[in-house]
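Participant: What follows is a predicted structure for the sequence shown.
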Amino acid sequence: MADDTVADIKRQSMTIIVTKGSLDWAYPPFILATTAAAMDYDVTLFFTFYGLALVKKKLDPKFTVLGNAAMEMPMFGTHIAMPNFLPMIPGVDAMAGAMMKSLIKKNNVASLEDLREAAVLSDVRMIACNMTVELFDYKREDLMDEIELGGAASYFEVAAKSHINMFI
């Protein structure tokens, strides 16, 4: 057997392209990133299009029941599916978002702010797509201080060497 030293073994790595910025789509990339970082992976998150909302200094993710056929909310001792017509009623998205935030708090799930801070503290590399920043007319000062600006080439440079690449 060859003499494998720790220095000879390539550290595991993962990238995630983050394209969505709503409350329910915000959790998976941060949970996966912080979990992988805790498992000693090098992790890079590439935020593009609506995913940029998750790296704005003012984090305020929206929530909608529209287009989420699998959404069920625990109510009255059971799980109730959200009918397709509900999003047409004014205020339903805000109410569903408040319910989701309440469930998160009630079940001691980390807040997005906490998960984002954990990602920073865990040295998760975060890149905001510069083209999308320009497209949506954001300014550098609108984004987290820890975020890098880069293009698709910045993502590909890391993804080409990564063991795991995801799109969320």
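Facilitator: Now that the structure is in, tell me what you want to look at.
Participant: Would you mind listing where this protein has pLDDT under the threshold?
Facilitator: Counting by pLDDT under 70, the ranges of the chain that qualify are 1-9, 66-71, 73, 82-87.
Participant: where exactly do the strands run in it?
Facilitator: Counting by DSSP state E, one finds strands in the chain at the ranges 13-18, 42-47, 72-75, 78-81, 125-129, 148-150, 164-167.
Participant: Now for residue 128, how many residues are close by?
Facilitator: A count of neighbours around residue 128, defined by other Cβ atoms under 10 Å, yields 27. C-beta here means a position set from N, CA and C on the backbone, and glycine is covered the same way.
Participant: That one and residue 148: what is the separation?
Facilitator: 7 Å (Cβ to Cβ, to the nearest Å).
Participant: Just confirm residue 136 contacts residue 52, I think it does.
Facilitator: Yes. With contact defined as Cβ atoms under 8 Å, residue 136 counts as touching residue 52 (6.7 Å).
Participant: Of these two, which one has the most company?
Facilitator: residue 52 (22 against 13).
Participant: what's near enough to touch residue 56?
Facilitator: By Cβ atoms under 8 Å, 6 or more residues apart in numbering, the residues touching residue 56 are 138, 142-144.
Participant: if you set the cut-off to 10 Å instead, what comes out?
Facilitator: 21, 47, 128, 138, 142-144, 147 (Cβ atoms under 10 Å, 6 or more residues apart in numbering).
Participant: Of the residues you listed, select the buried ones using a ChimeraX command.
Facilitator: A single ChimeraX command selects the buried members of the contacts of residue 56 (16 or more other Cβ atoms under 10 Å):
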select :21,47,128,138,143,144,147
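Participant: From the contacts of residue 56, pick the one nearest residue 75.
Facilitator: Top of the list for closeness to residue 75, among the contacts of residue 56 and by Cβ to Cβ, is residue 21 at 26.4 Å.
Participant: so what's the backbone phi/psi at the closest one?
Facilitator: Dihedral angles phi and psi of residue 21 (degrees, to the nearest 10) take the values phi -120, psi 10.
Participant: ok, for it, nearest residue in space, not its chain neighbours?
Facilitator: Among residues not flanking residue 21 along the chain, residue 53 sits closest, at 3.0 Å (Cβ to Cβ, 6 or more residues apart in numbering).
Participant: Likewise for residue 37?
Facilitator: Nearest to residue 37 is residue 122, by Cβ to Cβ, 6+ apart, at 3.7 Å.
Participant: where along the protein do the helices fall?
Facilitator: Using DSSP state H, the helices of the chain run over 23-38, 92-106, 112-121, 130-135, 152-159.
Participant: Highest mean neighbour count across the ones you listed, which stretch is it?
Facilitator: helix 23-38 (a mean of 19; mean count of other Cβ atoms under 10 Å).
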